[in-house]
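# Here you go, sequence then predicted model.
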Amino acid sequence: MDAVILASQSKGRRELLENEGFSLFPLPADIDENIPWENPEKEIQTLAEKKAMACHAQHPERPEKWIIAADTLVVFQSKPIGKPADRAEAKAFLEALSGKEHYVISGVAFLDRTTGCLYSDSDVSKVHFKTLTDKDIEDYLATGEWQGAAGAYRIQHKGGGLVERIEGSFSNIIGLPLSKLFNIMHVAGYPAN
């Protein structure tokens, strides 16, 4: 497979792609992520597109032909929940999510640097949290996994123990909807082998 730039510093996204056999060059894009969140599914897709284009513009010296970019948002009671600023905010997020459902929306973009063609899509998964005790929350916070995680948890690690069930793509909840990505890569002509 051709080497690909991953315009992200997410360990989860990197692990997902490496597990699929991709040779990656992680190169986070520097962009303004402040957006109005009036239409989260469309806006998160647009943000992924902007990351791909910014990464391309910021690193013209890189020889890789392809860039993958993604962004993920947790939406609870129609409001976006980002990454917690500190432990207290992470605790507040987990207390709010306890026993309830929320949505994880990811946008993914794939850029052909040779032609400038940009392909993108988005996906939505529903996550149902268990009813958490104070001890459940404190034990999870002690792992440190909440740091840098949208919604204050990582489902692919110990955070999976907070979840009762999901509807939709598991990889989307990690931060990269693989089936959507593979579809747009196929359309783009990425050489699968």
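Alright, I've got the coordinates.
# Every contact and neighbour count from this point should use C-alpha atoms.
Noted.
# Flag every buried residue along the lengthiest helix in the chain.
When the chain is parsed with DSSP state H, its longest helix is helix 40-58. For helix 40-58, the neighbour count (16 or more other C-alpha atoms under 10 Å) marks 40-41, 43-56 as buried.
# For this protein, which residues score under the pLDDT cut-off?
Counting by pLDDT under 70, the chain has low-confidence residues at 192-193.
# try 90
Applying pLDDT under 90 to the chain flags the ranges 1-2, 9-11, 28-40, 82-83, 150, 191-193.
# where exactly do the helices run in this structure?
Per DSSP H, the chain carries helices over the ranges 11-19, 40-58, 87-97, 134-143, 170-174, 178-188.
# can you list the ones you listed in a markdown table and add distance to T114?
Listed next are the helices of the chain as a markdown table, based on distance: least, C-alpha to C-alpha, whole Å:
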| stretch | distance to T114 |
| --- | --- |
| helix 11-19 | 22 |
| helix 40-58 | 11 |
| helix 87-97 | 42 |
| helix 134-143 | 43 |
| helix 170-174 | 28 |
| helix 178-188 | 11 |
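# With respect to G159, which of those helices lies nearest?
Smallest distance to G159 across the helices of the chain (C-alpha to C-alpha): 7.2 Å, for helix 134-143.
# circling back to that earlier point, for S122, find the nearest of the helices of the chain.
helix 40-58 (5.7 Å).
# Give the other helices and strands that that closest one contacts.
Helices and strands touching helix 40-58, as assessed by 3 or more C-alpha pairs under 8 Å, 6 or more residues apart in numbering; DSSP states H and E, comprise strand 66-76, strand 101-112, strand 118-129.
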